[in-house]
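**Student:** with the sequence up front, the predicted model follows.
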Amino acid sequence: LVRFGEAQSQRTIRTQRALYLMQVLQGFLPLAILSVPIGLFVVGAIFQINMDFATLIFTVFIWACPSVQAIVQLRFIRQSTSKSPE
């Protein structure tokens, strides 16, 4: 991030690293959350398992994805707005 001889403050560097971490989490957390119901569905389809109420669990996992993404964003916003010395 430090190109062309530009000097950046420690706070700017911390904010950029936190933003990068937030973007990585936003990308991979939904994949991790959705891998459970998708994996169970694929295993159930391969072994021809009757999944009566298991579909409710799938719904909960799918419902949780936007919530997890929002929590990641709120965490970043809270950290970036906290008062810290430069």
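**Tutor:** Thanks, I have it.

**Student:** which non-adjacent residue is nearest Cys65?
**Tutor:** Of all residues beyond its chain neighbours, the one nearest Cys65 is Pro30 (4.7 Å), with distances taken as Cβ to Cβ, 6 or more residues apart in numbering. Where C-beta positions appear, they are placed from N, C-alpha and C, glycine not excepted.

**Student:** check which helix or strand covers the one you found.
**Tutor:** Assigned by DSSP states H and E, Pro30 belongs to helix 10-46.

**Student:** pretty sure the residue nearest to Cys65 contacts Ile71?
**Tutor:** No - counting by Cβ atoms under 8 Å, Pro30 sits too far from Ile71 to count as a contact (11.9 Å).

**Student:** which of those two has more residues huddled nearby?
**Tutor:** More neighbours surround Pro30 than the other of Pro30 and Ile71, with 17 against 13 (other Cβ atoms under 10 Å).

**Student:** what separation do you get for that one and Ile46?
**Tutor:** Distance of Pro30 to Ile46, given as Cβ to Cβ, to the nearest Å: 24 Å.

**Student:** and if you look at Thr15?
**Tutor:** Taking Cβ to Cβ as the measure, Thr15 falls 46 Å from Ile46.

**Student:** which pLDDT value belongs to the residue nearest to Cys65?
**Tutor:** For Pro30, the model assigns a pLDDT of 83.

**Student:** which residues does it contact?
**Tutor:** Listed by Cβ atoms under 8 Å, 6 or more residues apart in numbering, the contact partners of Pro30 are 65, 68-69.

**Student:** who has more neighbours, Thr15 and Ile46?
**Tutor:** Between Thr15 and Ile46, counted using other Cβ under 10 Å, the more crowded position is Thr15 (16 against 8).

**Student:** grab the nearest non-local neighbour of that one.
**Tutor:** Ser80 (5.7 Å).

**Student:** so the one you found makes contact with Gln16?
**Tutor:** No - Ser80 is beyond contact range of Gln16, at 10.4 Å (criterion: Cβ under 8 Å).

**Student:** which positions in stretch 64-83 come out as buried?
**Tutor:** 69, 72, 76 (16 or more other Cβ atoms under 10 Å).
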